[in-house]
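**Student:** pasted the sequence and its predicted model underneath.
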Amino acid sequence: MFLILVTGFYASGQDRKIDDLKLQLKNSTEDTGKIETMIALGRQYSYFYPDTALQYFDEGVALSRKINYETGELLSSLFKGEVLATQGNYYKAQQLELGVLHRALDIKDENLIAGANLHLGNLYYYQGNYQHAIDYYSIVAQPDKNDTDFEEAIKGLKGRAFLAVGKLDSAYTNSKRALEIELKRKPLSWILPAVTLAAILSRQGKIDSALSMYKKYEDMLPGSVSILEMNIPMAKILFLKKQDDSAIFYLKKTIAAATAKEYLEEAGEASGLLADFYKSESNLDSAYRYLSLHNLFRDSLMNLNKGREIENEEFDNKLYNEQIQKTEEQFQDRIKIYGFVFAIFIFLIITFLFWRNSKLKKREFSLLNKKKQDEKLNLQNEFQQTLLRTQLEIQEQTLKNISWEIHDNIGQILSLAKLNLGTVEMNDAVTAHEKVDDAKNLISKAIQDLRDVAKGLNADHIKILGLAKSIEHELGIIKKTGWFETVFESSGEMYKLEPQKELILFRIVQESFNNIIKHAKAGIIVVKMNYEPVSFSLKIQDNGHGFDVNDLNSNIKEGPGLGIKNMWDRAQIIGAQLTITSSPGTGTTVDVKLPIAT
């Protein structure tokens, strides 16, 4: 039974086996038999219900100590350490597993020595110290040379560790041997060798072969195991092959299974991949939904890790206190009673001060961290609200411009075409032909203008055209009214800004145009853009009657002041500096300068 337990196989028919083991535990009359059944139950629960597994191992330790059954105590402690390691409680796990190893060396138990070294290798693998894991796996001595279960376990684990350090040849050799042993099982019960081999193929660029291997073994293992171990790498490959629907299907299955089993890391990775995919497809609603889910899993995982850190610290404090107690007991034999009392008194004062100071620091850190998180959340919410409001205002302004364009330009052109066609004299062929040609030209111009209008109806036209082309398009619409002359200049090597920043800059430009049209009584509008390596500048000028900038503060709640305040607020949101220069009779200049991160 011991070697099978060490390998960590995921046996099929798990629920039935658990029921059988529970019945066996209930009917067992010998304490040693109960302990072995408790260990077996703990191993069955380890993968998906680690807290339940820990309870069975603790009961096994307690009963083993009660009847002085050392092997049962050491086995229970060893497997408890493995579960704690998978939960991130590395320090506790290391203490337990090293304790088992030292005791096994004392009593020269080869099975326990091999198991302890194997689990210590797993511990260092979970910590990300893959080379140290390989070192421990390499010193594992197989007690029974004919035990293929143990050979499969050590080969499979070494293959995984070699893959982590990029030694693909060693990873392939070990995993291939483990899979050869596994394929002799009916049914299959361990997924790791197949997953490692598929990952090797994927790293080698053989994604079709990797995908085939994943799918080959997917239905041969328990569904919940294959979902958590295989679906995420399968989805990544499917995205590369542009099989997006299949990739989404596997990721959603992963989220459902991982959430049900509280595997936050897998759930967070799957939701993050879905958020990135939907963002690349411009499906912002789905991207935002899965990004929110990803952040929820990430925050839950961070809180869980923080709780584990606190547990590790409490464990360290417990060990520290035990060491201090032992020191004090030795000290009692060498000092007189008054010296002993004085030492205890000093120790208690120091311990209290240390505890109080530590508690205050933890509280200050917690409050500071909460404040930072709240500020970050408020800034994110404010940015999203501003971005949404900006998009709605751009749509409203675009519809107004389209209305003006249709009424003042396209409508007049079509009226002229109708008038030409209405005055055609069929008796005069030459004149009729000229009027029909004029009407055709007018209709062609109307069609072209309608196409220009259609571009403005596209909600993503700023993202598609870019900031410069969008501003030129707006200036073209304004010029067609016949009320203004427009000038557009661009200097420097043009580059793309972040989509949100371009959207907000475009809204600032639209607000400036709106103020010029409504209030400035200008005849010329000039827009200048300057692309520099460290900054981007945008300047909007008019030759209108201008205004006193100092009066803005008094008019900020109504009239043009409100629009200008919105411009300032938007500039501040994206980290830009907005300056307005104006005085009566000299026109107005709006200057926006945006630093570029290098």
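**Tutor:** All right, it came through fine. Residues are numbered from 1 along each chain as shown.
**Student:** which strands or helices does the one helix or strand T173 maps to pack on?
**Tutor:** Under the criterion of DSSP states H and E, T173 resides in helix 168-182. Here helix 168-182 is seen to pack against helix 148-164, helix 192-203 when contacts are counted using 3 or more Cβ pairs under 8 Å, 6 or more residues apart in numbering; DSSP states H and E. Using the backbone N, CA and C atoms, a C-beta is placed for each residue, glycine as well.
**Student:** let me have those helices in TSV, extended by distance to N378 and mean neighbour count.
**Tutor:** As requested, those are arranged in TSV below (distance: least, Cβ to Cβ, whole Å; neighbours: other Cβ atoms under 10 Å):
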stretch	distance to N378	mean neighbour count
helix 148-164	40	23
helix 192-203	42	22
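**Student:** ok, now how distant is L211 from P193?
**Tutor:** Distance check for L211 against P193: by Cβ to Cβ, to the nearest Å, it reads 17 Å.
**Student:** run a quick neighbour tally on L21.
**Tutor:** Other residues near L21 number 21, with proximity taken as other Cβ atoms under 10 Å.
**Student:** surely it and Q44 touch.
**Tutor:** Yes: with contact defined as Cβ atoms under 8 Å, L21 counts as touching Q44 (6.7 Å).
**Student:** could I get the full set of helices for the stretch 1-150 of the chain?
**Tutor:** 2-7, 14-27, 31-45, 50-67, 70-86, 90-107, 110-126, 130-138, 148-164 (DSSP state H, counting those that start in this stretch).
**Student:** for those, give me JSON lines that also has mean pLDDT and distance to S175.
**Tutor:** Conversion of those to JSON lines gives the following (pLDDT from 0 to 100; distance: least, Cβ to Cβ, whole Å):
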{"stretch": "helix 2-7", "mean pLDDT": "37", "distance to S175": "14"}
{"stretch": "helix 14-27", "mean pLDDT": "82", "distance to S175": "24"}
{"stretch": "helix 31-45", "mean pLDDT": "90", "distance to S175": "23"}
{"stretch": "helix 50-67", "mean pLDDT": "92", "distance to S175": "26"}
{"stretch": "helix 70-86", "mean pLDDT": "91", "distance to S175": "21"}
{"stretch": "helix 90-107", "mean pLDDT": "91", "distance to S175": "24"}
{"stretch": "helix 110-126", "mean pLDDT": "90", "distance to S175": "14"}
{"stretch": "helix 130-138", "mean pLDDT": "91", "distance to S175": "13"}
{"stretch": "helix 148-164", "mean pLDDT": "90", "distance to S175": "3"}
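**Student:** what's the helix holding T173 in contact with?
**Tutor:** 148-149, 151-153, 155-156, 158-160, 162-163, 188-190, 192-194, 196-197, 200, 203-204 (Cβ atoms under 8 Å, 6 or more residues apart in numbering).
**Student:** show me what counts as buried in that helix.
**Tutor:** S170, A171, Y172, N174, S175, R177, A178, L179, I181, E182 (16 or more other Cβ atoms under 10 Å).
**Student:** of the residues you listed, which is the nearest to V590?
**Tutor:** Distance from V590 was checked for each of the buried residues of helix 168-182 by Cβ to Cβ. The minimum falls on A171, at 61.3 Å.
**Student:** from T32, how far off is that closest one?
**Tutor:** Taking Cβ to Cβ as the criterion, A171 is separated from T32 by 40 Å.
**Student:** and if you look at L251?
**Tutor:** 47 Å.
**Student:** ok, K359 next?
**Tutor:** For K359, the distance to T32 (Cβ to Cβ) stands at 45 Å.
**Student:** between those two, who's got more neighbours?
**Tutor:** When neighbours are counted by other Cβ under 10 Å, T32 comes out ahead of the other of K359 and T32, with 14 against 10.
**Student:** for that one, which non-adjacent residue is spatially closest?
**Tutor:** Across the structure, with Cβ to Cβ, 6 or more residues apart in numbering as the measure, the residue nearest T32 apart from its sequence neighbours is Y69 (5.9 Å).
**Student:** in stretch 229-241, what's buried?
**Tutor:** Going by neighbour count (16+ other Cβ under 10 Å), the buried part of stretch 229-241 is E229, M230, N231, I232, P233, M234, A235, K236, I237, L238, F239.
**Student:** using TSV, lay out these together with secondary structure.
**Tutor:** Supplementary listing: the buried residues of stretch 229-241 in TSV, determined by DSSP: H, G, I helix; E, B strand; the rest coil:
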residue	secondary structure
E229	helix
M230	helix
N231	helix
I232	helix
P233	helix
M234	helix
A235	helix
K236	helix
I237	helix
L238	helix
F239	helix
